[in-house]
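Asks: here's my sequence, what's the structure:
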Amino acid sequence: MRTLLILFIFALSTASAQEQLPFQGKLVYHIQIMDTSLRRMIPDKEMVIYTNDTLLRIENSTDQLGNQVLIKHMVLNKSYLLLETPINNYAIQTDHSTQKVDSFPYQFKKKWGKRKIAGLKANRLMVTHSAFEEPMEFLYFKKTSNKYLNAFTNFPGLLAQYYVVTVDGIFVYTLTSMETMKPEHDLFGIPSDFKKVTFDQFMDEIMNFNPDEPEGEHPHE
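Replies: Next up, the predicted model:
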């Protein structure tokens, strides 16, 4: 009887550990602002994610800073944010393990039934947030870890459709493709022409930049 009980507990723990499978490949999300009156001023964008299940590369773009690339080591919980600026190309270092974690602003309840997205069946959540007028439906894959988005890690799986609250409005992120593949290792490297700095060092150089100064005579060089 005791042996059977031990085997049963082991089987449960193994099943739980295998519930979410590791993923290697490429994820593509379409980004659109919800307010239709703002879509002419804020065009749709795309977010591309590559991962080998240990390293993460997130390619994004902003109106203020242009293209951004985040390179993150998910085990060490450290990252570099790659930015191209008129002053220099920067790789801004961040140690996430030392950061204060804010309280989770979303509350959610699982909802019965599934929906198809990007050709795959996704589970449903009804999510509330102080900025939402009413609960919003989020979609997620319960068998894929939530860690590949570098955020929203309180959700029970990888989000396939979700809403992000910003100062410009609420944006909807929708998965358009999920491709299993082995990304090239070079995707997760820091290019040699990018200067590694802390966030404080980056801000100092930006604040001290003099656009009238002759090229080649910037203080950081």
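Asks: which residues does the most centrally placed residue in the chain contact?
Replies: In the chain, the residue lying closest to the centroid (CA atoms, centre = their mean) is L149, at 3.1 Å. Applying CB atoms under 8 Å, 6 or more residues apart in numbering to L149 gives the contacts I49, L158, L159. The way it works is simple: take the backbone N, C-alpha and C, and place the C-beta from them, glycine included.
Asks: do the same with F152
Replies: With contact taken as CB under 8 Å, 6+ apart, F152 is in contact with Y106, N146, L159, Y162.
Asks: N88: neighbour count?
Replies: Per other CB atoms under 10 Å, the neighbour tally for N88 reads 18.
Asks: in the sheet, who's paired with the closest residue to it other than its chain neighbours?
Replies: Distances taken as CB to CB, 6 or more residues apart in numbering put K195 closest to N88, at 5.4 Å, once the chain neighbours are dropped. On the basis of DSSP bridges, K195 is bridged to Y90.
Asks: farthest pair in the contacts of F152?
Replies: Pairwise distances across the contacts of F152 peak at 12.2 Å for Y106 and N146 (criterion: CB to CB).
Asks: overlap in contacts of these two?
Replies: Common neighbours of Y106 and N146 (criterion: CB under 8 Å, 6+ apart): F152, N154, F155.
Asks: which one of the residues you listed is nearest R115?
Replies: Nearest member of the shared contacts of Y106 and N146 to R115, counting by CB to CB, is F155, at 15.7 Å.
Asks: pretty sure the closest one sits in a helix.
Replies: No: going by DSSP: H, G, I helix; E, B strand; the rest coil, the assignment for F155 is coil, not a helix.
Asks: that one - how many residues pack around it?
Replies: Residues near F155, counting by other CB under 10 Å: 19.
Asks: does it touch F108 like I think?
Replies: Yes: counting by CB atoms under 8 Å, F108 is a contact partner of F155 at 7.0 Å.
Asks: report the set of residues contacting both of the two.
Replies: By CB under 8 Å, 6+ apart, the residues touching both F155 and F108 are L125, F138.
Asks: convert stretch 38-49 to PDB, retaining C-alpha atoms only.
Replies: C-alpha atoms of stretch 38-49 as PDB (Å, rounded to 0.1, in the frame of the first residue of the first chain):
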ATOM      1  CA  LEU A  38      -5.800  56.800 -32.700                       C
ATOM      2  CA  ARG A  39      -4.800  54.200 -35.300                       C
ATOM      3  CA  ARG A  40      -3.800  56.800 -37.900                       C
ATOM      4  CA  MET A  41      -1.400  58.400 -35.500                       C
ATOM      5  CA  ILE A  42      -0.200  55.100 -33.900                       C
ATOM      6  CA  PRO A  43       0.300  52.500 -36.700                       C
ATOM      7  CA  ASP A  44       0.300  48.800 -36.100                       C
ATOM      8  CA  LYS A  45       3.600  47.200 -35.100                       C
ATOM      9  CA  GLU A  46       5.100  43.700 -34.800                       C
ATOM     10  CA  MET A  47       7.000  42.000 -32.000                       C
ATOM     11  CA  VAL A  48       9.300  39.100 -32.800                       C
ATOM     12  CA  ILE A  49      10.600  36.700 -30.200                       C
END
